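Colleague: sequence and predicted structure below; questions after.
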Amino acid sequence: MSTLDIVGLCGSLRVGSYNRMALELAGAVMPAGMTLEIAEIRTVPPFDADVLARGFPPEAQVLRERIRRADGVLIVTAEYNFSIPGVLKNALDWISRHADQPFAMKPVAIMSASPGPLGGARVQYDLRKVLLFMNAMVLQKPEVFIGSANTKFDTNRQCTDEGTRKFVTDQMSAFERWIQGVRRMGAL
Ligand SMILES: Cc1cc2nc3c(=O)[nH]c(=O)nc-3n(C[C@H](O)[C@H](O)[C@H](O)COP(=O)(O)O)c2cc1C
């Protein structure tokens, strides 16, 4: 069986981002048959339909094609004001345009991290709504909310909390099975 190519998107640009650390953790604990490459969304310009009318900007086009090639997408995001950080929503808005948008039938897994107690519980349901529009195949469970994230990673970006490691590991195993299940469904 070939390796599953997973693209990671992080909904925070901060160097010290807990969500980025959680994304890195996911890459480290994934089953052996999966690999993670984190795609950068920092340089994607603000969405402008007039620009789109002339064609996708290169930064958005690169992201679209990277996602198209991937076997799955892992989105790990901060929660801003109970919802999706603008920088991530902006990238998703570019990616979502035109009938050939690459999230259609794409397996997706979601996590969130926050210093707050709920771990970004609310952003995940807004994100699911957006991905529903794009016809993405979003893994439902196990959900991963990393609350009190500021206490769960050390200065070397390593996760020090066994419970968090287990939740992330379990989700990645479920994601591998989900991708294979979506493939079988597509083959029907
Ligand atoms: C504009 C803004 C809005 C925020 N809103 C929320 C929120 O609704 N819920 C929450 O748990 N944390 C919220 N926070 C705190 C973030 O969870 C915190 O900054 C976190 O560290 C961001 O993720 P990161 O560590 O990956 O950058 C907010 C932070 C900012 C800057």
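Modeller: Great, that's in hand.
Colleague: report whether the helix or strand harbouring residue 169 contacts the ligand.
Modeller: Using DSSP states H and E, residue 169 maps to helix 162-187. No - on the criterion CB under 6 Å from any ligand atom, helix 162-187 is out of touch with the ligand, staying 14.0 Å away. (Each C-beta comes from the backbone N, C-alpha and C, glycine too.)
Colleague: what distance separates that helix from the centre of its chain?
Modeller: Using CA atoms, centre = their mean, to the nearest Å, the distance from the centre of helix 162-187 to the centre of the chain it belongs to is 13 Å.
Colleague: what about it, average pLDDT?
Modeller: Mean pLDDT, helix 162-187: 95.
Colleague: would you mark the buried spots in that helix?
Modeller: Buried positions in helix 162-187, judged by neighbour count with 16 or more other CB atoms under 10 Å: 164, 165, 167, 168, 169, 171, 172, 175, 176, 178, 179, 182.
Colleague: got the buried residues for stretch 92-106?
Modeller: Neighbour-count burial for stretch 92-106 [16+ other CB under 10 Å]: 92, 93, 94, 95, 96, 101, 102, 103, 106.
Colleague: looking at the buried residues of helix 162-187, which one is closest to residue 54?
Modeller: If you rank the buried residues of helix 162-187 by distance to residue 54 using CB to CB, residue 182 comes first, at 34.2 Å.
Colleague: hmm, that closest one is touching residue 105, no?
Modeller: Yes - Residue 182 is within contact range of residue 105, at 7.0 Å (criterion: CB atoms under 8 Å).
Colleague: which residues do these two both contact?
Modeller: residue 137 (CB atoms under 8 Å, 6 or more residues apart in numbering).
Colleague: which residue ranges of the chain form helices?
Modeller: 18-29, 49-54, 58-69, 86-95, 121-133, 162-187 (DSSP state H).
Colleague: got the ones you listed as JSON lines, with distance to residue 4 columns?
Modeller: Shown next, in JSON lines, are the helices of the chain (distance: least, CB to CB, whole Å):
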{"stretch": "helix 18-29", "distance to residue 4": "12"}
{"stretch": "helix 49-54", "distance to residue 4": "31"}
{"stretch": "helix 58-69", "distance to residue 4": "12"}
{"stretch": "helix 86-95", "distance to residue 4": "20"}
{"stretch": "helix 121-133", "distance to residue 4": "19"}
{"stretch": "helix 162-187", "distance to residue 4": "6"}
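Colleague: not counting its neighbours along the chain, what's nearest residue 14?
Modeller: residue 20 (7.3 Å; CB to CB, 6 or more residues apart in numbering).
Colleague: actually residue 75, not the one I typed
Modeller: residue 9 (4.8 Å).
Colleague: enumerate the residues of the chain near the ligand.
Modeller: Residues of the chain lying near the ligand (CB under 6 Å from any ligand atom): 12, 14, 17-19, 78-82, 113-116, 120.
Colleague: who wins on neighbours among the residues you listed?
Modeller: residue 113 (31 neighbours; other CB atoms under 10 Å).
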